[in-house]
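Engineer: give me coordinates for this.
(2 chains)
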Amino acid sequence: DAKTTQPNSMESNEEEPVHLPCNHSTISGTDYIHWYRQLPSQGPEYVIHGLTSNVNNRMASLAIAEDRKSSTLILHRATLRDAAVYYCILRDVGEGYGGSQGNLIFGKGTKLSVKP
Amino acid sequence: DAGVTQSPTHLIKTRGQHVTLRCSPISGHKSVSWYQQVLGQGPQFIFQYYEKEERGRGNFPDRFSARQFPNYSSELNVNALLLGDSALYLCASSWGGAPYNEQFFGPGTRLTVL
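Structural biologist: Numbering: from 1, shown residues only, chains lettered A, B, ... in the order given. Predicted structure coming up:
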């Protein structure tokens, strides 16, 4: 499975933008880039996903490098509620079913702290 | 709308015992996946079920088994519990069985094995 590399932790100030990086140098053409986050004492929640183009939704933006070997999750104005572990995950949709293909393979993620 | 629900919330068992964890997906969702999250680690994929059939299996021993019922709810069973099975067990549902479908997670069941 293609792997991702994220910093262990990052800090941000409230109401400032946050850029969470993710490296995935072995990404394949059929890998989607997904981001999930896990707030304390909760299950993970979907944030955003993309394939090649930059993506925006109500929660965040996803900037994908032209060679797709890295991506950045952007929180435009961090709030205290955004303090969580953020996971960057590659999901292969080209291999069909079976084993763990296409399912979420979590790493350790980036623990984001937000200071008031 | 109700989200994914899991029961029980917490559970304490002793080594060698058996445990059954339950999950009810979001209404309309036909796929259920199970994950194990050990303290300090990211969740690890155990099983995926879609339309009552196993669609994916992670690297877990045969002591772990699961099934999905006609109403799309699911059970995760773990036999011969070991201390290392202590973890948060997460259930996630999605409307379809495709790998890229967004998954919605429940709050988890905290299992402690003594």
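Engineer: from here on, just use CA atoms for contacts and neighbour counts.
Structural biologist: Noted.
Engineer: by contact count, what packs against the helix or strand of chain A with the lowest mean pLDDT?
Structural biologist: None of the helices or strands of chain A scores lower by mean pLDDT, DSSP states H and E than strand A:84-92, at a mean of 91. Contacts defined by 3 or more CA pairs under 8 Å, 6 or more residues apart in numbering or on different chains; DSSP states H and E place strand A:84-92 against strand A:31-38, strand A:110-115.
Engineer: convert the C-alpha atoms of it to CSV, please.
Structural biologist: Extracted in CSV, the C-alpha atoms of strand A:84-92 (Å, rounded to 0.1, in the frame of the first residue of the first chain):
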residue,chain,number,x,y,z
ALA,A,84,-7.6,17.0,16.6
VAL,A,85,-5.4,14.3,14.9
TYR,A,86,-5.4,14.8,11.2
TYR,A,87,-4.9,11.7,9.0
CYS,A,88,-3.8,11.8,5.3
ILE,A,89,-4.8,8.6,3.6
LEU,A,90,-4.4,7.2,0.1
ARG,A,91,-7.3,5.1,-1.1
ASP,A,92,-6.7,2.9,-4.2
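Engineer: pull the distance from that strand to the chain's centre.
Structural biologist: 4 Å (CA atoms, centre = their mean, to the nearest Å).
Engineer: near chain A, which residues of chain B are found?
Structural biologist: Listed as neighbours of chain A in chain B under the rule CA under 8 Å from any CA of the partner chain: B:40-45, B:55-58, B:90, B:98-100, B:102-108.
Engineer: pop out the phi and psi values for residue B:74.
Structural biologist: Main-chain torsions, residue B:74, degrees, to the nearest 10: phi -140, psi 150.
Engineer: returning to that earlier point: buried only: go through the residues of chain B next to chain A for me.
Structural biologist: Listed as buried from the residues of chain B next to chain A are B:42-45, B:55-58, B:90, B:98-100, B:102-108; burial here means 16 or more other CA atoms under 10 Å in any protein chain shown.
Engineer: now, the residues of chain B next to chain A that are in strands?
Structural biologist: The members of the residues of chain B next to chain A that map onto strands under DSSP state E are B:44, B:45, B:55, B:56, B:57, B:90, B:104, B:105.
Engineer: for the helix-or-strand element of chain B with minimal mean pLDDT, name the packing helices and strands.
Structural biologist: Ranked by mean pLDDT, DSSP H and E, the weakest helix or strand in chain B is strand B:53-57, scoring a mean of 88. The helices and strands touching strand B:53-57, judged by 3+ CA pairs under 8 Å, 6+ apart, are strand B:44-50, strand B:64-68.
Engineer: which other residues reach the longest one?
Structural biologist: Spelled out, that is strand B:44-50. Under the contact criterion CA atoms under 8 Å, 6 or more residues apart in numbering or on different chains, strand B:44-50 has outside partners A:100, A:103-106, B:30-37, B:54-60, B:66-68, B:96-97.
Engineer: that strand vs strand B:64-68, what angle?
Structural biologist: 30 degrees (axes from the mean of the first three to the mean of the last three CA atoms, to 10 degrees).
Engineer: pLDDT averaged over stretch A:21-29 - what is it?
Structural biologist: Stretch A:21-29 carries an average pLDDT of 92.
Engineer: now do stretch B:66-85
Structural biologist: Mean predicted confidence for stretch B:66-85 is 97.
Engineer: what's next to that stretch, contact-wise?
Structural biologist: Against stretch B:66-85 from outside (CA under 8 Å, 6+ apart): B:13-25, B:29-32, B:34, B:47, B:49-54, B:63-65, B:111-114.
Engineer: re earlier: so how far is the least confident helix or strand of chain B from its chain's centroid?
Structural biologist: Worked out by CA atoms, centre = their mean, strand B:53-57 lies 12 Å from the chain centre.
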